[in-house]
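> sequence plus the predicted model coming up.
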Amino acid sequence: QVQLVESGGGSVQAGESLRLSCAASGSIFDLNVMGWHRQAPGKQRELVAAVAADGTTNDLDSSVKDRFIISRDDARRAVYLQMLNLKPEDTAVYYCSATGRDDSKRPFALWGQGTQVTVSS
C-alpha cells in the first residue's frame, strides 16, 4: 500500500511564505512524476507544479512562476513546494500527487489528502 502524506499548510498574511511537504511511503519501487495541485472554493483542481524523476519541471503558470518553487528529494521520497510572497488568490487546498510503481512493478497514481493554505490580506 502506497500513500502520500502532506504537511506544511496553514494560515498566513499576504507576503509571507510557506513550504509544503509531501512524503510517499509504502511498498514503492520507484517514483516518476511528483506534483502539487490546488483547488480553490468553487473552482476546479489545477496543476501548480510538477517535477519528473530526472528533475525536469513543468512550465509554471504565470501567476506563480516567480513565487513558487518545486523540488524533490528521492532519498526521502518527498516533494516540496516553496511558496513565496503569498497572495490571497493562492488560498486553496493543496494536493500532492505522485506516479510510480510499487514493489510488484505495478503502476500507481495517487493523491494526498490535501492541506489547506489560507492567505489573508
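On my side now, so go ahead.

> what strand or helix carries the nearest residue to C96 once chain neighbours are set aside?
Nearest non-adjacent residue to C96, counting by Cβ to Cβ, 6 or more residues apart in numbering: C22, 3.3 Å away. In this view, the C-beta of every residue, glycine as well, is placed from N, C-alpha and C. Using DSSP states H and E, C22 maps to strand 18-25.

> partner strands of that strand, parallel or antiparallel?
strand 3-7 (antiparallel), strand 78-83 (antiparallel) (DSSP bridges).

> next, the buried residues of stretch 97-113.
For stretch 97-113, a neighbour-count test (16 or more other Cβ atoms under 10 Å) marks 97-101, 108, 112 as buried.

> contacting residues for the residue nearest to the spatial centre of the chain?
Here the mean C-alpha position of the chain is nearest to the C-alpha of W36 (Cα atoms, centre = their mean), at a distance of 2.7 Å. By Cβ atoms under 8 Å, 6 or more residues apart in numbering, the residues touching W36 are 20, 22, 47-50, 70, 79, 81, 94-97.

> from these, list just the buried residues.
20, 22, 48-50, 70, 79, 81, 94-97.

> tell me the secondary structure for the residue lying farthest from the centre of the chain?
Distance from the C-alpha centroid of the chain, by Cα atoms, centre = their mean, peaks at S104 (25.4 Å). At S104, secondary structure determined by DSSP: H, G, I helix; E, B strand; the rest coil is coil.

> could you shift the numbering so residue one becomes 30, and keep it that way?
Sure thing, new numbering starts at 30, so read that last one as S133.

> where's it relative to S56, distance?
From S133 over to S56 the distance is 8 Å, taken as Cβ to Cβ, to the nearest Å.
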